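Take this sequence and fold it.
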Amino acid sequence: MKKLLPTLLLSAGLGLSAAQAQTTGKTAVVRLFETSGRSFISYGEAKTEQLPLEGTTSKKQQQLNTEQIQRLVDRLYAEGYHLVSSFSGGEPTEPVTTLVFRKE
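Below you'll find the predicted structure:
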């Protein structure tokens, strides 16, 4: 959980809806594109969910985005997924955060 907090803070400029999707694979990959405001969850087998994002400029938007990310993480945990990896990369103008969850 200590590794998750910095990732969530780095991703505070993003937001994810609490849309409910049926998962099909044992791995869920969450990609957060901070600058362009895009995010995706892929469950494998051509099952990908695009999630709407809030703006990234105001403190209120950043707070809402962080709460949405928390709901997404809670949903994945409730579905039996556990965080196994998180990393950031991309270009300076388009940072990308990736969270990898795995179901046993």
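
Mind jotting down where the helices sit in the chain?
Taking DSSP state H to define them, one finds helices in the chain at 4-10, 59-78.

Lowest average confidence across these, which one?
Least confidently modelled of the helices of the chain is helix 4-10, at a mean of 42 by mean pLDDT.

The helices of the chain: which one's closest to Ser42?
In terms of Cβ to Cβ, the element of the helices of the chain nearest to Ser42 is helix 59-78, at 12.3 Å. No exception for glycine: its C-beta is placed from N, CA and C like everyone else's.

For that closest one, which helices and strands make contact with it?
helix 4-10, strand 27-33 (3 or more Cβ pairs under 8 Å, 6 or more residues apart in numbering; DSSP states H and E).

Could you pull out the buried residues of the last one?
Right, strand 27-33. Within strand 27-33, the residues that qualify as buried are 28-33, counting by 16 or more other Cβ atoms under 10 Å.

Go ahead and flag the most central residue of this protein.
Centroid-nearest residue in the chain: Val30, 4.6 Å away (criterion: Cα atoms, centre = their mean).

In space, what's closest to Arg38 - neighbours in sequence excluded?
Nearest residue to Arg38 in three dimensions, chain neighbours excluded: Leu53, at 6.8 Å (Cβ to Cβ, 6 or more residues apart in numbering).

so that neighbour touches Leu64, yeah?
No: counting by Cβ atoms under 8 Å, Leu53 does not reach Leu64; the two are 9.9 Å apart.
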